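Engineer: Pasted the sequence and its predicted model underneath.
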Amino acid sequence: MSNRQNGGRTVSTAALLKQCTENAQVMVYVILLVLLLLAQILSPGYLKPSHVAGILRLASFMGIAAIGQNLTILTGGIDLSIANTITFANIIGAQLMMGRDENMLKAFLAVIVMGLVIGTVNGAGIRFLKIPPFIMTLGVGTVVQGIFLIYTKGAPKGNAAPFLRSICGQSMFGIISGIVIFWLIFAVAAVIILKKTPYGRKIYSVGINEQAARFSGIHTGWMIFSVYMLSAVIAAIAGFLLVGYTGTSFLDVGTSYNTKTIAAVIIGGTAISGGKGGYLGTVAGAVIMTVLDDFLTIVSIPEAGRQIMQGVIILMLVLIYSREKKK
């Protein structure tokens with residue numbers, strides 16, 4: 001393993017990587033705190049418990065979907081099929097539930113199968129056909145969009161089961177909702193898997209140097225395949241849970257999730273080139289994206305303006321990470 005001199009001390013590359021990752025994840029929480037305080041100053045009452053609960057509820061769906069995006073970016077890839085996977089899951093879930101609790105399990109299983117199919121296609125194209133992730137997932141996402149447009153004929157039907165609506169659309173004690181608890185469980189699992197398991201360490205190894213990882217005995221192709229499988233399944237779960245929030249399905253419910261999940265991951269300190277970062281920072285990134293969108297809405301910035309700001313943020317952070325990699 002290579003070493004570098006730092007103030008007279010020899011520091012391993014792994015130690016430097018860990019230090020950079022931790023610094024980035026601390027910084028993103030500082031940014032979140034500053035942003036919240038600024039929002040409170042400019043809009044008194046912004047941090048009242050009921051409003052914070054609403055922000056966390058909205059951030060939860062993005063945060064869950066961003067787990068899969070985080071995994072793909074850590075391997076040096078990207079998943080641009082997430083948005084349409086979420087929408088298709090939302091449509092299937094609502095149509096199979098039809099507002100009845102007894103149909104929830106059937107709808108959930110159907111959504112999981114749909115996610116597995118999309119993940120398999122993505123993974124197979126990237127693993128066996130060697131199609132770049134950007135092209136493969138963009139193409140698959142477009143195909144999925146065409147399928148659900150034909151399936152719904154432009155008019156999706158169905159409603160959320162009352163139990164799912166109570167979990168995802170309502171707050172307990174006016175502070176926290178069930179979806180936030182789900183997100184917390186997913187977040188803890190994601191952090192443990194990435195930081196404490198051989199599978200997580202292999203993901204980082206593939207992102208740092210795929211060829212070196214292959215020479216060290218890691219089945220890099222299957223690792224990448226599994227990451228895209230997980231990404232699609234997690235996106236499908238997020239789409240299913242969104243039915244509980246929206247109450248029904250919409251053809252554009254997942255439209256912004258490609259941009260938002262990528263932004264949350266990058267803001268959270270994960271390098272777009274892969275191999276550096278983690279989900280702990282992505283949690284803060286998801287909340288930051290939600291707060292920005294919410295606050296810009298409060299101050300009457302139109303949707304176009306919010307999208308421009310999101311794009312500028314992504315471009316700036318990609319530029320910063322690219323410059324860091326060259327140093």
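Structural biologist: Cool, got the structure.
Engineer: switch to C-alpha atoms for all contacts and neighbour counts from now on
Structural biologist: Noted.
Engineer: Gly274: what secondary structure?
Structural biologist: Following DSSP: H, G, I helix; E, B strand; the rest coil, Gly274 is assigned to coil.
Engineer: Can you tell me the number of residues neighbouring it?
Structural biologist: 23 (other Cα atoms under 10 Å).
Engineer: cool, and Gln310?
Structural biologist: When neighbours are counted by other Cα under 10 Å, Gln310 comes out with 18.
Engineer: For it, list the residues it contacts.
Structural biologist: By Cα atoms under 8 Å, 6 or more residues apart in numbering, Gln310 lies in contact with Thr259, Lys260, Ala263.
Engineer: from those, which single one is nearest Arg165?
Structural biologist: Lys260 (23.5 Å; Cα to Cα).
Engineer: Make sure that closest one is actually in contact with Met289.
Structural biologist: Yes - here Lys260 reaches Met289: they are 7.1 Å apart, a contact under Cα atoms under 8 Å.
Engineer: Looking at those two, which has the bigger crowd around it?
Structural biologist: Shown here are Lys260 and Met289; by other Cα under 10 Å, Lys260 has more neighbours (24 against 20).
Engineer: residue contacts, that one?
Structural biologist: Contacts of Lys260 (Cα under 8 Å, 6+ apart): Met62, Ala286, Met289, Gln310.
Engineer: One more pass at 10 Å, please.
Structural biologist: 62-63, 65-66, 83, 266, 285-286, 289-290, 307, 310-311, 314 (Cα atoms under 10 Å, 6 or more residues apart in numbering).
Engineer: Distance to Val28 for those residues - can I get that in TSV?
Structural biologist: Converted to TSV, the contacts of Lys260 look like this (distance: Cα to Cα, whole Å):
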residue	distance to Val28
Met62	17
Gly63	15
Ala65	19
Ala66	16
Ala83	25
Ile266	10
Gly285	7
Ala286	11
Met289	12
Thr290	14
Gln307	21
Gln310	16
Gly311	18
Ile314	14
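Engineer: Which of these fall within helices?
Structural biologist: Counting by DSSP state H, the part of the contacts of Lys260 found in helices is 62-63, 65-66, 83, 266, 285-286, 289-290, 307, 310-311, 314.
Engineer: which of those count as buried?
Structural biologist: Met62, Gly63, Ala65, Ala66, Ala83, Ile266, Gly285, Ala286, Met289, Thr290, Gln310, Ile314 (16 or more other Cα atoms under 10 Å).
Engineer: Distance of the first one relative to Ile55?
Structural biologist: Distance of Met62 to Ile55, computed by Cα to Cα, to the nearest Å: 11 Å.
Engineer: what is in contact with the two at once?
Structural biologist: With Cα under 10 Å, 6+ apart, Met62 and Ile55 have common neighbours Val287, Thr290.
Engineer: one step back: mutual contacts of Lys260 and Met289, please.
Structural biologist: Contacts common to Lys260 and Met289, judged by Cα under 10 Å, 6+ apart, are Met62, Gln310.
Engineer: From the centroid of this structure, which residue is nearest?
Structural biologist: Ala66 (0.7 Å; Cα atoms, centre = their mean).
Engineer: what's the span of stretch 207-225, first residue to last?
Structural biologist: OK, stretch 207-225 end separation, Cα to Cα: 14 Å.
Engineer: re the thing from before, let me know the closest of the buried ones among the ones in helices among the contacts of Lys260 to Val233.
Structural biologist: Ala65 (9.3 Å).
Engineer: and the closest one, what does it touch?
Structural biologist: 82-83, 86, 183, 231-239, 257-258, 260-261, 286.
Engineer: buried subset of the residues you listed?
Structural biologist: 82-83, 86, 183, 231-239, 257-258, 260-261, 286.
Engineer: The contacts of Lys260 into CSV, with extra columns for pLDDT and distance to Ser205?
Structural biologist: As requested, the contacts of Lys260 are exported to CSV (pLDDT from 0 to 100; distance: Cα to Cα, whole Å):
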residue, pLDDT, distance to Ser205
Met62, 96, 26
Gly63, 97, 24
Ala65, 97, 23
Ala66, 97, 20
Ala83, 97, 27
Ile266, 90, 19
Gly285, 92, 23
Ala286, 95, 25
Met289, 90, 28
Thr290, 92, 31
Gln307, 78, 33
Gln310, 70, 30
Gly311, 75, 29
Ile314, 70, 24
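Engineer: for those, which one is nearest Val117?
Structural biologist: Nearest to Val117, judged by Cα to Cα, of the contacts of Lys260 is Ala83 at 15.4 Å.
Engineer: all strands of the protein, in order?
Structural biologist: 3-6, 9-12, 171-172, 176-177 (DSSP state E).
Engineer: Report the strands that pair with the last one, each with its relative direction.
Structural biologist: Same thing as strand 176-177. Applying DSSP bridges, strand 176-177 is found paired with strand 171-172 (antiparallel).
Engineer: can you pull the buried residues of stretch 87-105?
Structural biologist: Taking 16+ other Cα under 10 Å as the criterion, stretch 87-105 shows 87-100, 103-104 as buried.
Engineer: That one: end-to-end distance?
Structural biologist: 19 Å.
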